[in-house]
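# this one's sequence-less:
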C-alpha cells in the first residue's frame with residue numbers, strides 16, 4: 001500500500017524558515033510525480049510546488065506564483081523522501097501543508113496526513 005508520511009511542521013516567526021519532509025513507501029519513489037499543497041482555514045486548497053520526473057533521478061519543478069524564489073522542492077531519492085524548504089515565511093503562509101503523489105491517471109490520488117505550519121508576526 002502506497003503511503004506518504006509528513007513531518008517538519010511547526011511554528012516560526014515571520015522571516016524564518018521551515019523544511020517539510022514527506023517519506024513515501026509502497027511504490028518506487030521515482031515512478032510518481034509529486035507535489036505540495038496547502039490549505040488555510042476557510043480557504044481553498046492551493047498548489048505550492050510540484051516535480052515531474054525526467055529520468056535519471058532528475059526532475060522538472062514548478063511553483064505557485066507567490067512561492068517562487070522562497071520555496072524549494074527537492075528529494076532524497078535514496079531515502080524516498082520529498083522535501084519542501086520554505087524561506088522568508090510570512091503569516092499568509094500559515095496553513096496545513098500536504099504532500100501528494102500522482103497516480104496512473106496523472107491525478108493526485110495519494111495524500112499525506114498534513115503538517116501544520118504556523119507563522120507569527
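Sure thing, it's come through. What you see is a predicted model; the values in this text were computed from it and never measured.
# if you count neighbours, what's buried in the biggest strand by length in the chain?
Among the segments of the chain that qualify as a strand by DSSP state E, the longest is strand 46-55. Judged by neighbour count (16 or more other CB atoms under 10 Å), strand 46-55 contains these buried residues: 47-51, 53. C-beta coordinates here come from the backbone N, C-alpha and C atoms, glycine included.
# can you redo these as TSV with distance to residue 83 and pLDDT?
Below are the buried residues of strand 46-55 laid out as TSV (distance: CB to CB, whole Å; pLDDT from 0 to 100):
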residue	distance to residue 83	pLDDT
47	17	97
48	12	98
49	10	98
50	13	98
51	10	97
53	15	94
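# out of those, which is nearest to residue 9?
In terms of CB to CB, no member of the buried residues of strand 46-55 lies closer to residue 9 than residue 48, at 13.3 Å.
# can you tell me which residues contact the closest one?
By CB atoms under 8 Å, 6 or more residues apart in numbering, the residues touching residue 48 are 35-38, 63-64, 67, 71, 84, 97.
# least confident pick among those?
By predicted confidence, those are weakest at residue 67, whose pLDDT stands at 89.
# the nearest residue to that residue once chain neighbours are set aside and residue 98, how far apart?
Taking CB to CB, 6 or more residues apart in numbering, and ignoring the residues beside it in sequence, residue 67 has residue 48 as its nearest neighbour in space, at 5.7 Å. Look at residue 48 and residue 98: by CB to CB, to the nearest Å, they are 9 Å apart.
# what touches both of these two?
Taking CB under 8 Å, 6+ apart as the contact criterion, the residues that touch both residue 48 and residue 98 are 36-38.
# who wins for most neighbours among these?
The member of those surrounded by the most neighbours (other CB atoms under 10 Å) is residue 36, with 28 neighbours in all.
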